[in-house]
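Enquirer: predicted structure and sequence below. I'll ask about it afterward.
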Amino acid sequence: MEYVIRADAACTDGVVHKVAVKQGGVVNASDVLFVMDTSHKQDASTGSSSPTATVNPTEDPSIARPELQELQTRRHFLADAGRATSVAKRHARGYRTVRENLSMLLDPDSFLEYGDLALAAQKQRYTPTDLISKTGGDGIVTCFGRVDGHTIGLIMGDYMVLAGTQGPGDTDYPVGSGLQTPSFALMGQVRARGIPVVGVANGYVFAGNAALLGMCDVVVATRGGNSKLAGGGKGTMGKTSIGMGGKAMIEAGGLGVVESDDIGPTNVHAETGGVDIVVEHEDSAALMPSSPTTQPSPLGGAIDINAALKATRLLKLLTRTRATHLISLCDTPGFMVGPEFERTSTAGGSFRTFGEWFTAVAEFTQSGGRVAGLPAGSLGPMSLEGAVQLSTKKQLAKIESEQERKEVAEKAVEELYKGGRAINVAASMAEIDTVLDPAETREWLGKVVGDVLGTRRAMFRVRRDREGGSRL
């Protein structure tokens, strides 16, 4: 390395009598480098010396050194200002750049980037100048920052670098069979430590990118580009498509010719449960003001297979991460039944889904919980009407009058509903903790969560403290 030693102003001119070191040698802090006589300066033409005169320093402090200028140039090509052509192409499809998304997502002055000077391993394909100007960061932005005051780590693909591609096929180096690629194993370790991971899909997300997305706990996907950003839709609007293989891989496998947009559109993955949250574009993904609640209007609030799988997945996520308490606001007649319901039970059958859900609840609530009802609440088994028909079948059959038989059945159902009123359930067997005035709900929940149940510590913090190390 080079280390500049600045002499005193009085030593800026003189005669060097002896050099005590050799070029490339190793010196210590106390070693003599050279011997210089500053009382006289040597005349270049005669070789004679004369009293010294004051001279200006050889370096202008206002001018950056060449090494610093090189660093500034490299950073210029990382910024959007240094890639104007690529930025214009990105905007034409209605997409934001990585840097624009970061500025929307992170709290001010919290961005801390690592690996920004990495370049693509393609020295045999590109000149050094092209690598610097076109492959800054190697197509991946890795950084830390804060969102609403919470520190997060970010890995973001930069589509403006080699179309966001990555992996062995995009480097000059052979990697054998590819079994030594650590990305997926490391991602698995992050999840195993109980750290919640959120993935956002925008544009084409194929192959390795799709696999990494699938390892996220929560997946947000855009429908495509923002028409306002693309100048009112004058350009070719981009669409989001997710798949384990892209267009080229599908064609090479003899599976036909398919357009990238049609491989795995967002609406397809939303219907299958692969995507948890659908937003219109990147602006909505970064700045979504609120998450709409689920409306219980379909099926009268009865829980079908997809609803059960969604709830089970959330419970498993909370069990693994210990990220937060869970408040369940329940207003449902039960779960769906019938032949159509059984035919749509693709996750191993309705009975298996039922078992998975209850197991997930038991795992999450090992530390216990509290249950309260509202005055209008009614608790009991599913289909009280059906229960009455089954339990009093013989008695009802003996009643000749259809009207009387109906009245007897309705009275029996009414008695069951009366016994299942929340206030009676709390009084008779103390099956629930209390019944609340609706106006007290917020205060009661706050006290239960804050004072009774206590703070839930994230699993990765528990593991870190238990192992006595600073690593996650």
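Expert: On my side now, so go ahead.

Enquirer: and the helix or strand hosting Gly153, which strands flank it?
Expert: Assigned by DSSP states H and E, Gly153 belongs to strand 150-157. In the sheet, strand 150-157 lines up against strand 140-147 (antiparallel) (DSSP bridges).

Enquirer: list the buried residues for the partner strand?
Expert: 141, 143, 145-146 (16 or more other CB atoms under 10 Å). Yep, even glycine has a C-beta here, placed from its N, CA and C like the rest.

Enquirer: switch those over to JSON lines; also include distance to Thr85.
Expert: Output for the buried residues of strand 140-147, formatted as JSON lines (distance: CB to CB, whole Å):
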{"residue": "Val141", "distance to Thr85": "19"}
{"residue": "Cys143", "distance to Thr85": "24"}
{"residue": "Gly145", "distance to Thr85": "28"}
{"residue": "Arg146", "distance to Thr85": "32"}
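
Enquirer: for those, which one is nearest Gly157?
Expert: Val141 (8.0 Å; CB to CB).

Enquirer: show me the contacts for the closest residue to that closest one other than its chain neighbours.
Expert: Residue nearest to Val141 in three dimensions, not counting chain neighbours: Met156, with 4.5 Å by CB to CB, 6 or more residues apart in numbering. If you count contacts by CB atoms under 8 Å, 6 or more residues apart in numbering, Met156 has them with 98, 101-102, 140-141.

Enquirer: any idea which of those is least confident?
Expert: Minimum pLDDT for the contacts of Met156 is recorded at Ile140 (87).

Enquirer: a helix runs through Leu131, doesn't it?
Expert: Yes. Leu131: assigned to a helix according to DSSP: H, G, I helix; E, B strand; the rest coil.

Enquirer: per-residue confidence at it?
Expert: Per-residue pLDDT puts Leu131 at 88.

Enquirer: please apply the same query to the one 3 residues further on.
Expert: Here, the pLDDT recorded for Lys134 equals 87.

Enquirer: in the strand holding Gly153, what's buried?
Expert: 152, 154, 156-157.

Enquirer: ok, now stretch 269-288?
Expert: 269-270, 274-279, 281-286.

Enquirer: farthest-apart pair in those, please.
Expert: The farthest-apart pair in the buried residues of stretch 269-288, when distances are taken by CB to CB, is Gly274 and Asp283, at 22.6 Å.

Enquirer: output the lowest mean pLDDT helix or strand found in this protein.
Expert: strand 49-51 (a mean of 52; mean pLDDT, DSSP states H and E).

Enquirer: re earlier: wait, which of the buried residues of strand 150-157 is closest to Val448?
Expert: Ile152 (28.7 Å).

Enquirer: where do the strands sit along the stretch 251-400 of the chain?
Expert: With DSSP state E, counting those that start in this stretch, the ranges of strands along the stretch 251-400 of the chain come out as 277-279, 372-373.

Enquirer: tell me which of those lies nearest to Asp116.
Expert: The stretch from the strands of the stretch 251-400 of the chain with the least distance to Asp116 (CB to CB) is strand 277-279; that distance is 28.0 Å.

Enquirer: counting contacts, what elements does the closest one pack onto?
Expert: Secondary-structure packing of strand 277-279 (3 or more CB pairs under 8 Å, 6 or more residues apart in numbering; DSSP states H and E): strand 218-222, helix 266-272.

Enquirer: which residues touch the longest one?
Expert: Contacts to helix 266-272, defined as CB under 8 Å, 6+ apart, come from residues 201, 221-224, 240-242, 275, 278.

Enquirer: which one of the buried residues of strand 140-147 is nearest Glu404?
Expert: Relative to Glu404, the closest of these is Arg146; by CB to CB it sits at 70.5 Å.

Enquirer: per-residue confidence for that closest one?
Expert: Arg146 is assigned a predicted lDDT (pLDDT) of 93.

Enquirer: wait, what's in contact with it?
Expert: Contacts for Arg146 (CB under 8 Å, 6+ apart) come out as 106-107, 110, 152.
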